[in-house]
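Chemist: Pasted the sequence and its predicted model underneath.
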Amino acid sequence: MIRTLPRALPRLLAVLAAVLLAVPIAPTGAVAEPAKPTLTWTVQPAGQQGPDGRRWIELTLDPGQVVTEHLAVRNLSDGAADFSLKAADGYLTDKGRFNMLPSNRPSVDGGTWIQVQDKVTVGANETKVVPFTITVPRDAMPGDHPAGIAAAVTSTQGTVAVEGRVGFRVMMRTTGTITATVAVNDLTATYEHSWNPFSAGTIRVRYTTKSAGNVAVTGTGRVTVTELFGLLERHAGADVEEMFPGGSRAVEARVEGVWALGPLRTSVDVTPSVRDGAPAGAAIQHTSATVTVWSPPWPQLALVAALGALVLAFRAITRRRRRRLAELLARARDEGRAEGREMDTRQQSTQNADDRRA
């Protein structure tokens, strides 16, 4: 055994080497790719020296006027970044939040009045002030021309390019006659019964408001439901949130405590108001709309029908009982008469038998 070990050792070493080559050596730790730094930034109105505390810019301008404003881009990240500066028409979303037209939609109003440099590079934790110019066309219509200006960064997620924008609104009002009007369209009223016949129902009102004037407005609305040919009235509020010129809002209101007693005349009255107050000479136009809905009192009619059915059933049962009682009495009388005749017959038979024995 000792003599053969030196001869087998080379063969054993060769087998071990083959095994080591066939089995990969597992790494003791995976090296992760460094995460991309998160880019965070803010944009706000500014003066030449830096942010001036304004949330957005509001200007009243004459046709043909040119003004210079400033914005501040602050890079809150740990690395320098390039930002695209863009201006566009502004609008309000369905939830009332300000937004700008996307980059693939051309501006046609206030967004075209703003000229700003295309790009700005901002270092890590640095703030840069950038001037921009507003040029009002000489033929600009009086009223509000909302726009926005933003610093944007475009990133790629797979095959999709995603644009991130941070900015603020630029509200430009051109001098001239100011008109504040809220049109009421597509008014509908629906009566919702309370199936408790002793409770009133609800009128559900839906309509669309549109800012038909030339300034941003809100609206104070009132819904009135008249019933019993004007003898009763119910009221509810239906205020309108802010709308830019040409913008619209869907409004819903509920008027409680309405009885379904024939025609229900529903009126909506809206009084517009201008944020920060209407300027002198502004035309504030009140708007109203009316619709009539017929709603039979089905729960009450069902109650009357049920009570009528109960009365008829009670009368039928009472008549049946009376007829049954009359039949029983008649039968008892007949049986009594029959028994009387039978007794008379027996007495007569007994009397005759007695007479024969005598």
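Modeler: Great, that's in hand.
Chemist: Specify which residues of the stretch 201-350 of the chain, grouped into ranges, have pLDDT under the cut-off.
Modeler: Applying pLDDT under 70 to the stretch 201-350 of the chain picks out residues 230, 295-304.
Chemist: Is the spatially closest residue to S194 that is not a sequence neighbour bridged to anything, and to what?
Modeler: Using CB to CB, 6 or more residues apart in numbering and skipping residues adjacent in sequence, the residue nearest S194 is G201, 4.9 Å away. Backbone N, C-alpha and C define where each C-beta goes, glycine included. Using DSSP bridges, the bridge partners assigned to G201 are V258.
Chemist: From what I see, G201 and W195 are in contact.
Modeler: No. At 9.2 Å, G201 does not count as touching W195 under the criterion of CB atoms under 8 Å.
Chemist: Enumerate the beta-bridge partners assigned to the residue lying closest to G247 once chain neighbours are set aside.
Modeler: Nearest in space to G247, with sequence neighbours left out and distances taken as CB to CB, 6+ apart, is S211 at 5.2 Å. In this entry, S211 is beta-bridged to V182, by DSSP bridges.
Chemist: all strands of the stretch 201-350 of the chain, in order?
Modeler: Here the stretch 201-350 of the chain has its strands, by DSSP state E, counting those that start in this stretch, at 201-211, 217-227, 232-237, 240-243, 248-258, 262-274, 283-285, 287-295.
Chemist: residue contacts, the residue nearest to S194?
Modeler: Counting by CB atoms under 8 Å, 6 or more residues apart in numbering, G201 makes contact with Y191, E192, H193, S194, V258, W259, A260, S295.
Chemist: Among these, find me the one that's closest to G277.
Modeler: Comparing the contacts of G201 against G277 with CB to CB places V258 closest, at 36.3 Å.
Chemist: From the structure, what's the count of residues near that closest one?
Modeler: 23 (other CB atoms under 10 Å).
Chemist: Looking at the protein, which helix is longest?
Modeler: Looking across the chain with DSSP state H, the single longest helix is helix 298-357.
Chemist: Break the protein into its domains for me.
Modeler: What automatic domain parsing lists as the domains of the chain is 41-174, 179-296, 297-332.
Chemist: so can I have a markdown table of the ones you listed showing distance to T350?
Modeler: Formatted as a markdown table, the domains of the chain follow (distance: least, CB to CB, whole Å):
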| stretch | distance to T350 |
| --- | --- |
| domain 41-174 | 110 |
| domain 179-296 | 73 |
| domain 297-332 | 27 |
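Chemist: Now do G246 against N214, distance only.
Modeler: 9 Å (CB to CB, to the nearest Å).
Chemist: These two - which one has more neighbours?
Modeler: N214 (23 against 12).
Chemist: Relative to E252, how far out is the residue nearest to E192 when sequence neighbours are not counted?
Modeler: Of all residues not flanking E192 in the chain, T202 sits nearest, at 4.6 Å (CB to CB, 6+ apart). Distance of T202 to E252, computed by CB to CB: 12 Å.
Chemist: more neighbours, these two?
Modeler: Under the criterion of other CB under 10 Å, the comparison of T202 against E252 puts T202 first, with 18 against 9.
Chemist: mind listing what the more buried one touches?
Modeler: By CB under 8 Å, 6+ apart, T202 lies in contact with Y191, E192, S194, R254, V255, E256, G257, V258.
Chemist: what sits against the second one?
Modeler: Put plainly, it is E192. Residues near E192 by CB under 8 Å, 6+ apart: G201, T202, I203, R204.
Chemist: repeat that with 6 Å
Modeler: Contact analysis of E192 by CB atoms under 6 Å, 6 or more residues apart in numbering lists G201, T202, R204.
Chemist: And those residues, which is closest to L307?
Modeler: Distance to L307 across the contacts of E192 (CB to CB) is lowest for G201, with 20.4 Å.
Chemist: How much space separates the closest one from L264?
Modeler: With distances taken as CB to CB, G201 is found 10 Å from L264.
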